[in-house]
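Q: My questions concern the predicted model and sequence given below.
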Amino acid sequence: MTRGIRRAASLPYLLPLIFLGIFFLYPLLALFDLSLRPGGALDLSAFIRLLSSDYYIGVLIFTVYQALISTIATVALALPCAFVFARFRFPGRSLLLSLATLPFVLPTVVVALAFAVVLGDGGLLNDLLRALFSLDYSPIQLERTLTLIIIVHVFYNFAIALRIMTSYWSSIGFAAEEAARTLGANELSLWRDIRLPMIRPALLSAAVLIFIFCFTSFGVVLILGGIRFATLEVQIYYQAVSIFNLPLAAALSLVQILSMLFMLIIYTNTQRRLQVSLASGAAIARRPRTLAQRSAVFACVLLIAVMLFTPLLALLWRSLFLTGQLDLSGYLGLSQRSRASLLFITPLGAVFNSLRYALMSMTIALALGLIASHMINRRGRWSRFSDPLFMLPLATSAVTLGFGFIIALDEPPLNLRSSWLIIPISHTLVALPFVIRSVLPSLRAIPPTIGEAARVLGARPIVKLWTIDAPLVSRGIVVGATFAFTVSMGEFGASLFVAQRESVTIPVVIYRLIGDPGLASYRQALAMSVILMLVCAGGFLIIERLRAAGIAEF
Amino acid sequence: MLSISNILHAYGEHVSLKNVTLEVEPGEIVCLLGPSGCGKTTLLRIIAGLEATAQGQIMFAGVDIGDTPVHQRQFGLMFQDFALFPHMNAADNIAYGLRRRGFPRRLIAGEVESLLERVGLGDLGDRDISSLSGGQQQRVALARSLAPKPRLLMLDEPLGSLDARLRDQLALELRQIIKDEGLSAIYVTHDHREAYAVADKIAVMNIGKVEQVDTPRGLYRRPKSAFVAEFLGMRNIFDSERSSFARRIASEALLHDANTKTVLIHPAGIQIEKATASKSLRFDGVLTSAVFRGDYFDVCVSLQDETALRFSNPTLPAQIGEAVSIAIALDAVIALEG
């Protein structure tokens, strides 16, 4: 192949790079510029205000504090469960392990509302307790408390801890534990001397990842906490949208980005340690024999089932029986604009918006993701820098992305601020890493000799791509497409910034409706949440079906 | 037919092939024999067009094919890991090359069936690749590379991933099939016994160079260098600068090369007590070890100057520690290069 042809063949690689440059790096740079030079010259007054104000220091401390508590609670709950899943074989084990990841695709708005439905002052649990003990007050007062936020964070991140620790435990096996047992170790010393030290790399890795997720948690904190429990993310939103103090919001974003960078370096380190020690023999799960073992398995299954299904079923129940009898007015009224709300379109219009944007984001993310995956998979200097580069949007919070969009893309030639296009573009950015992480494993699993064999047998490069590569990555493509679709349907942080007037999406409308007084709005919010939940759960089923076949790196 | 001259190839700084020159005649099976990392697979990939050369020329039937893209060379290549397409069944794998060459559909079906028959897979055409055993996969891979009637067939350690017993049997079958098809072939292996059985001509490679090209028997009888002799499993190689035994035996047995530096005592001409050729040299020594190998014993005899000779002997005429005398045929003493 001549050099000219080779150059031309790598031209498509520019597409994802250009996209990332315009819609990710440029807004990020604009953010830096606004935070460091708000008036055109270097001006650190926003930073000085940040660092000298007890309030903002308090916000930072609270952000770290809530993330820390959430992480500890999640890991503490997941650790014994991971042991049970790695050690014992029982009916429904792999189904449960797979179902436990359902929250991963559920939109924060839906989950926040679902937990309010179960644990809120007027929630189902309080209803039940009032009816049981004939009380005239709500015994559980969790609304607007840190406890509720932490419970929801545990719900979201439990599966991450469970999966990481279970697979690690299965891979290191239980030989050391059995040796210790023959040497006279009891259950307590087994945990202290063998299990905890051995699971430590996986535990740390999971903990750091969960800390990152809780640190950047937005929707849950905004909806369940309000301004009283503002984290860095929520503060950025308030400063930018409510108070319109853009330089301060930009300075907060910068703090956010730097913290994320710092935590990602730590995470990469824990990950590396995790891979080094994955050498020894795999464990064989066995049937639980003693009563204690059986109860442990039962407790585990019960915990996961209750935690997973209660809020989702409660949401469904409430949307149908809000006042005690079957009431479909929430669903039937979706084509009417709620009078109190400041919405410019009907809820049904938002459903169509969401579907339209999700289809667009899916298409763009898939096209760019396939090119990017191909680029990463080619060994050489392209791949070395492109893999971490395309993961960057995953490490940047959606709020920061949305904020960057509205300050960077608001003047010609890129005046997208009032265009609906900005929504699918922002969703594409969030979905792109998911597409790449879904396609890349199946691409990598193709031995290079298979492509070479096709070429020796007379296939032109384009024919090889069509007859060999495409069929072999098709399942990865479906997983990536489904991820992109569900991510776009549920995206909240960035949408809240960029979705305007007629272009709002389902999560944004749900958020607005929850804020409205009146039962009609609440009914509509419940109905839309259920619709969104079902769409995302459907996507989850497709992903899990194919993931069972070994696709996707999550 | 295929003529390779002065090929130079490098992976970055590391030179993997140096001035490699090789000829393959029509209908000939040439084995590239050498240890792993000697460049034999790289050479195969260069001929296939999967790897570019830094220097040198590849001619096929009088035409320079250096710039011909892989898919237009019409060569067959059987990969070490078979590289079967996992999303197609056995028959579709075999048909792939025929489709690419634009064969009519109705011809392809018949061709695939006859190929399945020829490689002994009869009715396994609709089986998934993953449901086939290693030996069956190997046959599918062979059939796939034979199907488009390649102008040259290349096989990269085609039996490498199979177990020893299957290997012996399949090596002979493979040679028979290639000969039946009248193909020219290049066969890469690191096993000299496999090369002996399959090849018309063997090229021994070492660190990117071709050390010796000869027929299997010629190579066995007269290895050119210490590397080739060692690689063929010959053990009694001595340095005449260090060993008085080597000097003595060279002066007595070698007329023209009496001053050679490296001496090989060929395993075919050494035995305890009984001379294999009428003219032979006799030495006294002590039997120091003997390992039973079934049809023969691997023995070690220590001569008076402490030289240790290792060879296989059909019987064990003495106990370990006892004195024996050994006979070395004059024509078993070979001067090596270097």
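A: Received, thanks. No experiment lies behind these values; they were computed from the predicted model shown.
Q: only C-alpha atoms for contact and neighbour calcs from this point on.
A: OK.
Q: Run through the strands of chain A in chain order.
A: Shown for chain A, the strands assigned by DSSP state E span residues A:410-411, A:414-415.
Q: Any idea which of the ones you listed gets closest to chain B?
A: Nearest to chain B among these is strand A:414-415 (43.9 Å), distances taken as C-alpha to the nearest C-alpha.
Q: still on that earlier bit, I'd like the strands of chain A as a markdown table, with mean pLDDT appended.
A: Output for those, formatted as a markdown table (pLDDT from 0 to 100):
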| stretch | mean pLDDT |
| --- | --- |
| strand A:410-411 | 77 |
| strand A:414-415 | 76 |
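Q: Using CSV, lay out those strands together with mean neighbour count and distance to chain B.
A: Shown next, in CSV, are the strands of chain A (neighbours: other C-alpha atoms under 10 Å in any protein chain shown; distance: least, C-alpha to the nearest C-alpha, whole Å):
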stretch, mean neighbour count, distance to chain B
strand A:410-411, 12, 48
strand A:414-415, 12, 44
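Q: will you turn those into JSON lines that also has distance to B:T288?
A: What follows is the strands of chain A, written out as JSON lines (distance: least, C-alpha to C-alpha, whole Å):
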{"stretch": "strand A:410-411", "distance to B:T288": "91"}
{"stretch": "strand A:414-415", "distance to B:T288": "88"}
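Q: biggest helix in chain A by residues?
A: helix A:54-87 (DSSP state H).
Q: helices or strands next to it in the packing?
A: helix A:45-52, helix A:146-172, helix A:196-215, helix A:232-237, helix A:291-320 (3 or more C-alpha pairs under 8 Å, 6 or more residues apart in numbering or on different chains; DSSP states H and E).
Q: again, only this time at 10 Å
A: helix A:45-52, helix A:93-99, helix A:146-172, helix A:196-215, helix A:232-237, helix A:246-276, helix A:291-320 (3 or more C-alpha pairs under 10 Å, 6 or more residues apart in numbering or on different chains; DSSP states H and E).
Q: buried set for the third one?
A: Right, the one you point to is helix A:146-172. A:146, A:148-150, A:152-172 (16 or more other C-alpha atoms under 10 Å in any protein chain shown).
Q: coming back round to it: minimum distance to chain B: which of the helices and strands packed on helix A:54-87 has it?
A: Using C-alpha to the nearest C-alpha, the helices and strands packed on helix A:54-87 put helix A:93-99 closest to chain B, at 24.1 Å.
Q: how far out from the middle of the chain is the closest one?
A: 19 Å (C-alpha atoms, centre = their mean, to the nearest Å).
Q: and the residue nearest to the spatial centre of chain A, what does it touch?
A: Most central in chain A under C-alpha atoms, centre = their mean is A:F104, positioned 5.6 Å from the mean C-alpha point. By C-alpha atoms under 10 Å, 6 or more residues apart in numbering or on different chains, A:F104 lies in contact with A:F155, A:Y156, A:N157, A:F158, A:A159, A:I160, A:V487, A:C536, A:A537, A:F540.
Q: Same question for B:V333.
A: Contacts of B:V333 by C-alpha under 10 Å, 6+ apart are B:236-237, B:246, B:249-250, B:252-254, B:263-267, B:269-270.
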